[in-house]
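**Student:** this one's sequence-less:
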């Protein structure tokens, strides 16, 4: 497992949990969306296709950033839309630790690991968003925006616990006891030991998670992964919905409806970066 040195317990937000549970109790839809990885246009198109009512809510399962071209825009969408909530993923963890606004145009030694797995695209997305069509770069505005984005990310929960579901980026360890006391490291990075658990990690709740792509399970990107282990009510113990926006034969983004079990997918929209647009003006 690739990780940092974080051994803190995962953070929850009871106000968010109460709002989402109330939405479900009142017949509203709660759509859970897998790893966006900087594909803001795809996220916007998927959300539009969901035809949200005012009561409906959306939860992003982490990894909003890296690899795709518009991580800065993805964070803006999530921050500014009151119907959207998020949990933190491992890529947000790396961004919080390694994003360096003062050296945004270069790769520092501290950033090398993050850049290697997609952080370079995130840094570039901030440069793009604060570079005008004439090539003028507003470093002051970028610093202000980045500070707000990092503070917002740092306040997000690591998992969301509802009556029938747990929403988390990577999953839980079946060996580490109380799920609410498991480390942020586990919640954002775990794979095999969670996927291969022979009993439910939570006997009463289905775990909805991202982090591990469908091709990694040997599935097509048009599918979702369901654990063969079942709860007492015959629901799957866990459901994975990361359709791998950033690669594969059919890159796409998946939304799962907690109320109905419906699945909606959006093929990735390949957008033009702001820096590329500027060069053609």
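**Tutor:** All right, it came through fine. Everything numeric here is computed off the predicted structure, so don't read it as measured data.
**Student:** where are the low-confidence patches of the stretch 1-150 of the chain?
**Tutor:** 1-7 (pLDDT under 70).
**Student:** all strands of it, in order?
**Tutor:** 30-33, 57-60, 84-86 (DSSP state E, counting those that start in this stretch).
**Student:** now those strands as TSV including distance to residue 174 and mean neighbour count?
**Tutor:** For every residue, glycine as well, the C-beta is placed using N, CA and C. Below are the strands of the stretch 1-150 of the chain laid out as TSV (distance: least, C-beta to C-beta, whole Å; neighbours: other C-beta atoms under 10 Å):
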stretch	distance to residue 174	mean neighbour count
strand 30-33	22	24
strand 57-60	23	23
strand 84-86	25	22
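**Student:** looking at those strands, which is closest to residue 238?
**Tutor:** Set against residue 238 and scored by C-beta to C-beta, the strands of the stretch 1-150 of the chain come closest in strand 30-33, at 12.7 Å.
**Student:** could I get the strands of the stretch 1-150 of the chain as a markdown table with distance to residue 197?
**Tutor:** A markdown table is the format used below for the strands of the stretch 1-150 of the chain (distance: least, C-beta to C-beta, whole Å):
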| stretch | distance to residue 197 |
| --- | --- |
| strand 30-33 | 20 |
| strand 57-60 | 23 |
| strand 84-86 | 25 |
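**Student:** let me see the contact set for residue 111.
**Tutor:** 98, 99, 100, 103, 119, 123 (C-beta atoms under 8 Å, 6 or more residues apart in numbering).
**Student:** PyMOL command for the buried members of those residues?
**Tutor:** The PyMOL selection below is limited to those of the contacts of residue 111 classed as buried (16 or more other C-beta atoms under 10 Å):
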select buried, resi 98+99+119+123
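**Student:** scan the protein for its longest helix.
**Tutor:** helix 139-154 (DSSP state H).
**Student:** and that helix, what does it pack onto?
**Tutor:** helix 71-80, helix 90-98, helix 120-129 (3 or more C-beta pairs under 8 Å, 6 or more residues apart in numbering; DSSP states H and E).
**Student:** how much space separates residue 241 from residue 212?
**Tutor:** Going from residue 241 to residue 212 by C-beta to C-beta, to the nearest Å gives 10 Å.
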